[in-house]
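> pasted the sequence and its predicted model underneath.
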Amino acid sequence: MDWKYENGRIYSVDEKNELLAEATFVHIANGEVNVDHTYVNPMLRGQGIAGKMMEIVAEYFRKESLKATATCSYANTWLRKHKEAYSDIISADIEDEAVACKICT
């Protein structure tokens, strides 16, 4: 997948510009971000795309020296599951985060 980076968004589209996968995040304060939404196109679900996307997101946070928490349930679970590999980018607040993904229409 070809990942594109925008302020607060990492995503991939196909040749028809249809959204394939997306993670959005907001800057909180003091170099911390909140991953508030993840999405994988239904035709790609079950293929490990969400996990690969979170690896891309985590590496971006590492490169930018950001600490991450997540209100998105998938991102929160992924970050906690990979706490050892990404301990340098995971906020101390990750365990206390209220999880509630935003709904997109």
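Cool, got the structure.

> what about stretch 64-84, distance to the chain center?
Chain-centre distance of stretch 64-84: 7 Å, with C-alpha atoms, centre = their mean, to the nearest Å.

> first-to-last residue distance for that stretch?
End-to-end distance for stretch 64-84, by C-alpha to C-alpha, to the nearest Å: 19 Å.

> in it, what counts as buried?
Neighbour-count burial for stretch 64-84, counted by 16 or more other C-beta atoms under 10 Å, picks out 66-72, 74-76, 78-79, 82. C-beta here means a position set from N, CA and C on the backbone, and glycine is covered the same way.

> now do the same for residue 15: helix, strand or coil?
With DSSP: H, G, I helix; E, B strand; the rest coil as the basis, residue 15 sits in coil.

> so where is this protein shaky, pLDDT-wise?
When residues are selected by pLDDT under 70, those of the chain lie in 95-105.

> just give the number of residues close to residue 31.
By the measure other C-beta atoms under 10 Å, the count of residues near residue 31 is 12.

> need the contact list for it.
Counting by C-beta atoms under 8 Å, 6 or more residues apart in numbering, residue 31 touches 65, 66, 67.

> name the nearest of these relative to residue 38.
Ranked by distance to residue 38 (C-beta to C-beta), the contacts of residue 31 are led by residue 66 at 16.6 Å.

> bridged to the closest residue to the closest one other than its chain neighbours, which residues?
Closest residue to residue 66 apart from its sequence neighbours, by C-beta to C-beta, 6 or more residues apart in numbering: residue 33 at 5.2 Å. Beta bridges link residue 33 to residue 27, residue 68, judged by DSSP bridges.

> could you give the number of residues near residue 33?
Residues contacting residue 33 under the criterion other C-beta under 10 Å number 22.

> fine, thanks again, bye for now.
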